[in-house]
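>>> got a sequence here, can you model it:
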Amino acid sequence: MNYRFQNLLGAPYRGGNVVVSQNNRLISPVGNRISVTDLIKSETLTLPCQSSANIARIAVSPDGNFILAVDDNSRAQFINLNRRIVLHRITFKGKVSAIQFSPNSQFIAVAIGKLIEIWRSPGFRKEFFPFERFRTFADCNDRVTCLNWSPDSQYLLAGSRDLVVRLFCLKKLFGSDKKSDKPFLFLGHRDIIVGVFFGVDKATGKVSRVYSISRDGGLFKWGCLELDGGGALGESDEKMADPPSPGTPEKMEEGGNEVVVSEGVKKRKEFDGKERNIEEGDDEILLHQCKWVLLKKDFFMQAPAKVTACDYHRGLDLVVVGFSSGAFALYQMPDFICIHLLSISREKITTAIFNDLGNWLTFGCSRLGQLLVWEWKSESYILKQQGHYFDVNCLAYSPDSQLLATGADDNKIKVWNVASGFCFVTFPEHTNAVTALHFMANNHSLLSASLDGTVRAWDLFRYRNFRTFTTPSSKQFVSLTADQSGEVICAGTLDSFEIFVWSMKTGRLLDVLSGHEGPVHGLMFSPTTAILASSSWDKTVRLWDVFEGKGSVETFQHVHDVLTVVYRPDGKQLASSTLDGLISFWDPLDGVLMYTIEGRRDIAGGRLMTDRRSAANSTSGKYFTTLCYSADGSYILAGGNSKYICMYDIAEQVLLRRFQITHNLSLDGVLDMLNSKNMTEAGPMDLIDDNNSDTEEGTGKQTRGKLGLDLPGAMANKGRPIIRTKCLRIAPTGRSFSAATTEGVLVYSVDESIVFDPTDLDIDVTPEAVDAALNLDQPIRALILSLRLNEDSLIKKCILSVNPADIAAVVSAIPFRYLQRLIEALTVLLEGCPFLEFILRWCQ
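Numbering: from 1, shown residues only. Next comes the predicted model:
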């Protein structure tokens, strides 16, 4: 029963910024969760911690251990990435537009509106309030858009919407006047600043240049005379800049032949260390008191497209920019040589970053849900994933539980590898929404039904559509099933209320079963006999003998419209869900009602923003639209138009567990009680359209496409998606189940090695005790301690540290109750450990 959230499929990226840590871990926000993709092993997992709303900004610490994730409500979570737990929480005072760890991991710079706050980075310890604000810079005149730390973590560059780039010094200067603490201003841009970066001199490793990129496609290069005695500037640049004058205390600028007048600093201080008392040596030049000059202006020449994302790699001196037209460009600096200019999308690129080595580029396109990792030297894709554009309607597990197929309103079918979380094939042939999927028993063919009037069969070896089943006049199919042998295909319709039967071998229409008086939304063959069960909105469930051609064999009458029907895996029970929130269990052999479960109270919950009634009194959505039996048939999962998935014990008719799909307040129907202060006489405040057109969708916030809205152009709820479960499926192995929800496809599993679940824990059982036992050459004691801790990495470490000659003695000393855990660890090692013969000796 102890299913835990394991992964989120179907939505690799929806907006916000993406970061790469440790060169091959790609971390991206998905709704209110965080997804981590290992680019070398090609597997993705979603962290179990949730934010209260869609995540807007994430930052990762330089060592790759911590993530700071800030959501749309300015609530931040400080997450330990390896343990996958939230260490600390903090709420910022305003909307966060940029966030970055300093290179030495001591500070976090947070841009909140016009302010830049510097916080001390918290550590592993649990403290009452671990975040400590170190400094606040309030010099910007408009919202800050981008931040960049210098390599020594002493200086910070900030670009803002007031078209100015500012250079701040982190340390306060003692004994000096106020002016020496002022930031230096880089002026001259004509549009909002998108990115600012420090350039480093490769010989000395010190800051020598500053690059700033604006939205209109301008890249400005700035240099400073005092650094390296002018060595950072080329000869032609030296002519443009003012000559150095080391001993002059005051020097007015001659603005005659200069490209830009630096208004930020009218006076230069003398650099002999008399007026300042900073911890570094007195010979150091303060960057924000130097005189920076504009060396070069370059333009990307992609008008009318705007720059929407950019990144700079210090080691390789490369700049990558993404445009609103879906193109990206890679430039070698400082000479501004274009290496690549390619188009990868029709929509705007919302994030573009380098990895640590600079050989891989990561691009995200929020509107299409695309995430690409591209190696620019070999011009090949490392990763190419795209989610469904609209809601997922239906799911199907393959018979071996390795594959999961999803069909959605965007007319596409995607097949996912459950273990790695990657989509490996997309079938785009349908011309309307895909409504039902069914895997054949042979594991390599898949059936799909769609509203375009076709049922298609797909070959998963050759990735092609090898059969298309149609009807004499076009019908809209909403349900689909096949018999155990795979010879007969049946599909139910929305508009003519009939069931069509085809032969798989010939593709010919064999029969049309009529008798229902409403849309046939549920179809399933009995697992043991050749009986077909169908449910319809005409308040009946009918059983049909397809092979005898007798028509309807039996009819089960209900009080309300029947929404779905499923067979128990042994074929001896039938469950149906009706519009009044009841689940009825029938004996299909004797035709009698066995049990009923009243589920209205269990699934009720969540008040929409437009609801006039409270969640307790509202009748809408209090019914189950999808049912699924467990592998042994002892319990049943049920979901519908609410935030809950219910698990019932059938024999006792009791609710075992209730899974809440999400806590994401950006979705509608998550809160039970709405805040009355958000209600105005014109309606709910969230529905009043006061959107600032300058808010870049995808870069500033996560986007969702059309979600179950029927009229073109109609934006119910201002486009706020409503939380619901459209389809539930349990894997044939029974180890996991999947739910197609508004958030994506949620996979819950009982297989989880990362969970800390010790067996016999007392004060002496610690990781330190395990290491001490290993150092004292006590392999049996160390292994038993690690098994009691149930810590995966420690168990493997102890197994590998045993001498091959002692293996038999160690195994015989392990208590019986720890053997299963030991065998689980050995199976994992067998798959991925290089010491195969050593592990096989253990198994022997």
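>>> show me what contacts Leu219?
211-213, 297-300, 319, 331, 336 (C-beta atoms under 8 Å, 6 or more residues apart in numbering). Placement of C-beta: from N, CA and C, glycine included.
>>> most neighbours, which of those residues?
Greatest neighbour count in these, by other C-beta atoms under 10 Å, goes to Ile213: 28 neighbours.
>>> next, format the contacts of Leu219 as a markdown table and append secondary structure.
Shown next, in a markdown table, are the contacts of Leu219 (DSSP: H, G, I helix; E, B strand; the rest coil):
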| residue | secondary structure |
| --- | --- |
| Tyr211 | strand |
| Ser212 | strand |
| Ile213 | strand |
| Lys297 | strand |
| Asp298 | strand |
| Phe299 | strand |
| Phe300 | coil |
| Val319 | strand |
| Tyr331 | strand |
| Phe336 | coil |
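>>> of these, closest to Arg607?
For these, the minimum distance to Arg607 (C-beta to C-beta) is 44.8 Å, reached by Ile213.
>>> shouldn't that closest one be in contact with Val319?
Yes: between Ile213 and Val319 there is a contact at 7.5 Å, judged by C-beta atoms under 8 Å.
>>> overlap in contacts of the two?
In terms of C-beta under 8 Å, 6+ apart, Ile213 and Val319 are both contacted by the residues 219, 310.
>>> how far away is Leu667 from Asp511?
According to C-beta to C-beta, to the nearest Å, Leu667 and Asp511 sit 43 Å apart.
>>> tell me the contacts of the nearest residue to Asn417 once chain neighbours are set aside?
Leaving aside its sequence neighbours, Asn417 sits nearest to Phe424 (C-beta to C-beta, 6 or more residues apart in numbering; 6.0 Å). Phe424 sits next to 415-417 when contact means C-beta under 8 Å, 6+ apart.
>>> now the strands for the stretch 101-250 of the chain?
107-112, 115-120, 132-137, 144-149, 155-160, 165-169, 184-186, 193-200, 207-214, 218-224 (DSSP state E, counting those that start in this stretch).
>>> can I get those strands in JSON lines including mean pLDDT and distance to Ser534?
Formatted as JSON lines, the strands of the stretch 101-250 of the chain follow (pLDDT from 0 to 100; distance: least, C-beta to C-beta, whole Å):
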{"stretch": "strand 107-112", "mean pLDDT": "95", "distance to Ser534": "58"}
{"stretch": "strand 115-120", "mean pLDDT": "94", "distance to Ser534": "61"}
{"stretch": "strand 132-137", "mean pLDDT": "92", "distance to Ser534": "64"}
{"stretch": "strand 144-149", "mean pLDDT": "95", "distance to Ser534": "57"}
{"stretch": "strand 155-160", "mean pLDDT": "94", "distance to Ser534": "62"}
{"stretch": "strand 165-169", "mean pLDDT": "93", "distance to Ser534": "67"}
{"stretch": "strand 184-186", "mean pLDDT": "91", "distance to Ser534": "70"}
{"stretch": "strand 193-200", "mean pLDDT": "94", "distance to Ser534": "57"}
{"stretch": "strand 207-214", "mean pLDDT": "93", "distance to Ser534": "61"}
{"stretch": "strand 218-224", "mean pLDDT": "92", "distance to Ser534": "64"}
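>>> and these: which comes nearest Thr350?
Between Thr350 and the strands of the stretch 101-250 of the chain, the tightest spacing by C-beta to C-beta is seen for strand 193-200, at 11.7 Å.
>>> residues making contact with the longest helix along the chain?
Ranked by residue count under DSSP state H, the longest helix found in the chain is helix 819-832. Identification of contacts with helix 819-832 by C-beta under 8 Å, 6+ apart yields 753, 783, 787, 790, 792, 795-796, 799, 814, 836, 839-840, 842-843.
>>> burial measure for the closest residue to Cys365 other than its chain neighbours, as a count.
Spatial nearest neighbour of Cys365, excluding adjacent residues (C-beta to C-beta, 6+ apart): Ser345 at 4.6 Å. Per other C-beta under 10 Å, the neighbour tally for Ser345 reads 21.
>>> same deal with Ile763?
Neighbours of Ile763 using other C-beta under 10 Å come to 6.
>>> point out the other helices and strands that whichever strand or helix holds Gln100 packs with.
Using DSSP states H and E, Gln100 sits in strand 96-101. Under the contact criterion of 3 or more C-beta pairs under 8 Å, 6 or more residues apart in numbering; DSSP states H and E, strand 96-101 touches strand 55-60, strand 66-71, strand 107-112, strand 144-149.
>>> what's the third one in contact with?
Right, the one you point to is strand 107-112. Contacts of strand 107-112 (C-beta under 8 Å, 6+ apart): 59, 68, 70, 74, 92-102, 116-121, 134, 143-147, 149, 153, 156, 158, 170.
>>> of the contacts of Leu219, closest to Gly515?
Phe300 (65.7 Å).
>>> from Gly322, how far off is the nearest residue to the closest one once chain neighbours are set aside?
Distances taken as C-beta to C-beta, 6+ apart place Gly217 nearest to Phe300, at 4.1 Å, with adjacent residues excluded. As judged by C-beta to C-beta, Gly217 and Gly322 stand 12 Å apart.
>>> only whichever of the contacts of Phe424 are buried, select them in PyMOL.
For the buried members of those, the matching PyMOL selection, counting by 16 or more other C-beta atoms under 10 Å, is:
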select buried, resi 415+416
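>>> pick out whichever of the contacts of Phe424 sits closest to Thr619.
For those, the nearest to Thr619 is Trp416 (36.0 Å; C-beta to C-beta).
>>> thought that closest one was touching Phe422?
Yes: Trp416 lies in contact with Phe422 (C-beta under 8 Å); the separation is 6.7 Å.
>>> and the end-to-end length of stretch 191-208?
25 Å (C-alpha to C-alpha, to the nearest Å).
>>> how about it: buried residues?
For stretch 191-208, the neighbour count (16+ other C-beta under 10 Å) marks 192-200, 206-208 as buried.
>>> next one: stretch 508-524
Under 16+ other C-beta under 10 Å, the buried positions of stretch 508-524 are 510-511, 513, 515-516, 519-524.
>>> can you check stretch 130-147 too?
Buried-residue list, stretch 130-147, by 16+ other C-beta under 10 Å: 130-131, 135, 137, 139-140, 143-147.
>>> got TSV for those, with distance to Lys41 too?
Output for the buried residues of stretch 130-147, formatted as TSV (distance: C-beta to C-beta, whole Å):
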residue	distance to Lys41
Pro130	33
Phe131	34
Arg135	41
Phe137	41
Asp139	45
Cys140	42
Arg143	39
Val144	37
Thr145	35
Cys146	32
Leu147	32
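>>> and the residues you listed, which is closest to Lys221?
Cys146 (16.6 Å).
>>> how close does the closest one sit to Asp570?
Cys146 is 61 Å from Asp570, by C-beta to C-beta.
>>> likewise Asp142?
From Asp142 to Asp570 the distance is 67 Å (C-beta to C-beta).
>>> ranges for the strands of the stretch 501-650 of the chain?
Shown for the stretch 501-650 of the chain, the strands assigned by DSSP E, counting those that start in this stretch span residues 509-513, 520-525, 531-536, 540-545, 551-557, 562-567, 574-578, 582-587, 592-598, 624-629, 635-640, 644-649.
>>> need the next SSE after the last one, C-terminal direction.
Towards the C-terminus, the helix or strand next in line after strand 644-649, according to DSSP H and E, is strand 654-660.
>>> how about the nearest residue to Gly123 once chain neighbours are set aside, what does it touch?
Using C-beta to C-beta, 6+ apart and skipping residues adjacent in sequence, the residue nearest Gly123 is Pro130, 7.3 Å away. Taking C-beta under 8 Å, 6+ apart as the criterion, Pro130 is in contact with 78, 87-88, 122-123.
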